[in-house]
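>>> From the sequence below, what's the structure:
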Amino acid sequence: MPPFESLPYRPCAGIMVLDARGRVFVGRRAGGPEHVDATHVWQMPQGGIDDNEDPYQAALRELYEETNIRSVEKLGEIAEWLFYDIPREIVGEAWGGKYRGQKQKWFALRFTGEEREINITAPAGGHHPPEFIDWRWVAMAELPDLVVPFKRATYERVVREFGKFAEPQ
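Residues are numbered from 1 along each chain as shown. Sure, this is the predicted structure:
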């Protein structure tokens, strides 16, 4: 495997979905080498951006594939890419050892549908096996404490940038 520092970052779209009360959708990950305890298994939807794919279109696609959610309106986005490294000890297990972490383009969306639209166990987009095994709405301020520690700084930045969208509608 090449040296850690020479590995590229995986392009990814991150999605903060807020309900009408200003709470954020989080999913409980089904597993993965980065999950070391039961507390830090929650995250917002995210996923890879395909070659030549527009980041916002990738965000909508990933959201649909992971949650079945399509009823959204765009609230905002973070202009620049946010980067994080995964722990060196799991590089060989994550993404086949091809990446050192992710560069993410983040979007804030308001969920405008009914909760019955959300289906993480058999999303129409077809993640098999499903990305999430449970989901819930949480206060935005809780997000950094729910995610794996190496993503915490990214989540703190996303919360700072999108905090203005947390007011109930």
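
>>> which parts of the helix ranked longest in the chain are buried?
Longest helix in the chain, counting residues (DSSP state H): helix 55-67. For helix 55-67, the neighbour count (16 or more other C-beta atoms under 10 Å) marks P55, Y56, A58, A59, L60, R61, E62, L63, Y64, E65, E66, T67 as buried. Quick note: C-beta positions are derived from backbone N, CA and C, even for glycine.

>>> Likewise for stretch 91-100?
V91, A94, Y99, R100.

>>> Flag whichever of those residues scores worst on pLDDT.
Looking at the buried residues of stretch 91-100, model confidence by pLDDT dips furthest at A94: 77.

>>> Test my guess that it contacts G32.
Yes. At 7.4 Å, A94 counts as touching G32 under the criterion of C-beta atoms under 8 Å.

>>> what about the helix or strand where R160 lies, distance to the chain center?
According to DSSP states H and E, R160 maps onto helix 152-162. Remark: helix 152-162 is offset 12 Å from the chain centroid, using C-alpha atoms, centre = their mean, to the nearest Å.

>>> can you give me the mean pLDDT across it?
Taken as a whole, helix 152-162 carries a mean pLDDT of 97.

>>> so what does it touch, helix or strand wise?
Here helix 152-162 touches strand 9-18, strand 72-77, strand 82-85, strand 101-111, helix 143-146, going by 3 or more C-beta pairs under 8 Å, 6 or more residues apart in numbering; DSSP states H and E.

>>> Adding mean neighbour count, write the ones you listed out as TSV.
Below are those laid out as TSV (neighbours: other C-beta atoms under 10 Å):
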stretch	mean neighbour count
strand 9-18	22
strand 72-77	15
strand 82-85	16
strand 101-111	23
helix 143-146	18
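
>>> Would you tell me which of those gets closest to R157?
strand 82-85 (6.0 Å; C-beta to C-beta).

>>> who's in contact with that closest one?
9, 14, 100-106, 150-151, 153-154, 157-158 (C-beta atoms under 8 Å, 6 or more residues apart in numbering).

>>> again, 10 Å this time
4-5, 7, 9, 12, 14, 91, 99-106, 148, 150-155, 157-158, 161 (C-beta atoms under 10 Å, 6 or more residues apart in numbering).

>>> Which strands or helices does the longest helix of the chain pack on?
strand 9-18, strand 24-29, strand 46-48, strand 72-77, strand 101-111, strand 132-138 (3 or more C-beta pairs under 10 Å, 6 or more residues apart in numbering; DSSP states H and E).

>>> Next, the angle helix 152-162 makes with the first one.
Interaxial angle of strand 9-18 relative to helix 152-162 (axes from the mean of the first three to the mean of the last three C-alpha atoms, to 10 degrees): 50 degrees.
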